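A.B. asks: I would like the atomic coordinates for the input below:
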Amino acid sequence: MSRDPDALAVVTHLRDLAADPLNRRAIVQDQGCLPGLILFLDHPSPQVVYSALLALRYLAECRANREKMKSELGMMLSLQNVIQKTTTPVETKQLASEVHEILQMCVSEEEERGEEAAASVRRKTRFFVGNTNKRAKTVILHIDGLDDSVSTTDRNLRSLCEEALLKVRGVISFTFQMAVKRCIVRIRSDLTAETLANAIATTKVLRAQQVVKAEDGSEVLIPFDSEDGVPVDQKVSLPDYLPEDESPSVEADRAVSHVGTSEDRAGWLNTATNFLSRSFYW
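C.D. replies: Next comes the predicted model:
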């Protein structure tokens with residue numbers, strides 16, 4: 001029985017996985033997937049070759065992948081063979097040329113990024129002498145209306161709060177401490193606590209105050225002059241946000257984050273690698 005349908009199914013699935021930016025680094029780091037895609041470039045089926053090139057094109061969009069892809073055994077030679085074959089369809093030649101050009105340019109790009117990264121490290125080294133993080137900050141909210149009860153009503157209130165926070169662009173993750181009616185929220189540095197309070201106020205039943213530390217180390221609740229979630233101008237100069245390493249979220253009973261897991265992607269990559277290992281000699 002011919003193995004062409006299996007090869008096409010595998011390369012098509014790899015192409016679809018590579019289309020998702022979250023998968024691209026994992027595919028290239030996998031020991032079998034990238035060599036398998038290179039071998040697919042010599043496959044007798046034009047459809048398999050074209051799908052493999054599409055997958056490689058997606059992978060090359062990730063700058064971190066390019067140097068490894070270029071140095072992978074047989075990569076550049078196989079691309080040249082596809083380009084030079086007289087029987088190769090025009091669209092396939094164009095796609096192979098595009099991938100080849102991207103990988104050829106990666107060396108100078110890597111050098112430029114290396115210099116930029118070194119400069120960035122120097123800047124960050126000076127910046128992190130302090131205890132703040134410019135990329136993200138932690139805000140602690142005291143939310144009136146939350147309760148540690150297990151009743152259906154209180155669970156619905158917490159769900160309302162979750163839904164309100166998830167609608168705010170710039171919220172990275174949040175953790176509830178129901179016993180003390182607290183919510184610890186990690187947000188982008190350009191997002192304000194007042195925006196979070198306004199979002200929570202749209203539930204009509206919950207109201208949020210910011211928890212900050214006073215100079216003597218005690219906690220202070222800062223109310224917001226907002227009504228029904230309508231944004232208002234900042235009227236007071238609020239204390240600094242708590243640094244992330246002081247976030248009291250160690251005993252959180254529930255956490256919600258926008259970032260998903262990669263178990264499904266990793267599981268299929270293992271399946272693809274096993275198929276490629278059985279099908280080719282490395």
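
A.B. asks: which residues of the stretch 101-250 of the chain fall in strands?
C.D. replies: 136-144, 171-177, 182-188, 207-213, 219-222 (DSSP state E, counting those that start in this stretch).

A.B. asks: Which neighbouring elements make contact with the first one?
C.D. replies: Just to be clear, that refers to strand 136-144. strand 182-188, helix 193-201, strand 207-213 (3 or more CB pairs under 8 Å, 6 or more residues apart in numbering; DSSP states H and E). Quick note: C-beta positions are derived from backbone N, CA and C, even for glycine.

A.B. asks: buried stuff in the last one?
C.D. replies: The reference is to strand 207-213. Within strand 207-213, the residues scored as buried using 16 or more other CB atoms under 10 Å are 207, 208, 209, 210, 211, 212.

A.B. asks: that's a helix at residue 52, yeah?
C.D. replies: Yes - looking at residue 52 with DSSP: H, G, I helix; E, B strand; the rest coil, it is inside a helix.

A.B. asks: Next, count neighbours for it.
C.D. replies: 31 (other CB atoms under 10 Å).

A.B. asks: so it touches residue 45, yeah?
C.D. replies: No - between residue 52 and residue 45 there is no contact under CB atoms under 8 Å: 10.0 Å.

A.B. asks: if we can go back for a sec, any chance of the helices and strands packed on strand 136-144 in JSON lines, with mean pLDDT too?
C.D. replies: Below are the helices and strands packed on strand 136-144 laid out as JSON lines (pLDDT from 0 to 100):
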{"stretch": "strand 182-188", "mean pLDDT": "89"}
{"stretch": "helix 193-201", "mean pLDDT": "91"}
{"stretch": "strand 207-213", "mean pLDDT": "90"}
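
A.B. asks: can you redo the ones you listed as CSV with distance to residue 222?
C.D. replies: Compiled in CSV, the helices and strands packed on strand 136-144 are given as follows (distance: least, CB to CB, whole Å):
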stretch, distance to residue 222
strand 182-188, 14
helix 193-201, 8
strand 207-213, 4
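
A.B. asks: Minimum distance to residue 14: which of those has it?
C.D. replies: Closest approach to residue 14 among the helices and strands packed on strand 136-144 (CB to CB): strand 182-188, 33.7 Å.

A.B. asks: Which positions in that closest one come out as buried?
C.D. replies: Quick answer for strand 182-188 (16+ other CB under 10 Å): 182, 183, 184, 185, 186, 187.

A.B. asks: and it, C-alpha only, in CSV?
C.D. replies: The C-alpha trace of strand 182-188 is given here as CSV (Å, rounded to 0.1, in the frame of the first residue of the first chain):
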residue,chain,number,x,y,z
ARG,A,182,-9.4,40.5,47.2
CYS,A,183,-8.4,40.2,43.6
ILE,A,184,-4.7,40.4,42.6
VAL,A,185,-4.5,41.5,38.9
ARG,A,186,-1.4,41.5,36.7
ILE,A,187,-1.8,44.1,34.0
ARG,A,188,0.2,46.0,31.3
